[in-house]
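Trainee: need the 3D shape of this:
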Amino acid sequence: MNIYFTKTILYAYPVIDEIIDQLDELVSKKAFSSMYDFSPAISQCEKIVDFSLQKSILLILKGVVNDVLSAFSEDEIMHLDYKYFKKKAPKEFDNFDYLSRNYFRRQIRIFEKFNEKIEKKGIDDAWFKKNCLSIDFFKSLLKNVIEREEYSYKNKKAVD
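Mentor: Coordinates of the predicted model:
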């Protein structure tokens, strides 16, 4: 699977529940404000259906990621949290070695393991393009991931 897609999924994972809540709120607002909206009823319905579809995509993605992560060790989850999820308090990383070469090698192995497992579960390039890229949040996040990776690559080249 495209590494940018996988990194986008990893960065999105910790906020999926918040996005789902926002979509639920949008559906409610659309439904309640429909009597004041003079646009065609079909277009109002299509917007509500679109938000509901986005929610179902996020729920599927969250379920698959949870399933994949359940096979990871606590140490591997700690590495993913440090780099992508950022859910744990900074104090939990006090004795965490994030500067050694071993850390970077391990981070790559964990990422590759995640990438392989998520693809085996059916989340591949085609699925991501069809489903996730129809959601504005993912389009924006993917753009940020690509920019960050290109910036990091340029800086790495300058140091070499």
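Trainee: please count neighbours and contacts with C-alpha atoms only from this point.
Mentor: Will do.
Trainee: so Lys121 is in contact with Gly63, correct?
Mentor: No - assessed by Cα atoms under 8 Å, Lys121 is found out of contact with Gly63, at 10.4 Å.
Trainee: can you list the low-confidence ranges for this structure?
Mentor: In the predicted model of the chain, residues 154-160 satisfy pLDDT under 70.
Trainee: now the farthest one out in it, which residue is it?
Mentor: In terms of distance from the mean C-alpha position of the chain, Phe38 ranks first, at 35.6 Å (Cα atoms, centre = their mean).
Trainee: roughly how far apart are that residue and Leu141?
Mentor: Distance from Phe38 to Leu141, counting by Cα to Cα, to the nearest Å: 33 Å.
Trainee: how many residues are close by Ile60?
Mentor: The burial metric for Ile60, expressed as a neighbour count using other Cα atoms under 10 Å, is 13.
Trainee: what sits against Asp125?
Mentor: 1-2, 5 (Cα atoms under 8 Å, 6 or more residues apart in numbering).
Trainee: same thing but at 6 Å, please
Mentor: Met1 (Cα atoms under 6 Å, 6 or more residues apart in numbering).
Trainee: i'd like the first residue to be 10 from this point on
Mentor: Sounds good: first residue 10 from here, last item Asp134.
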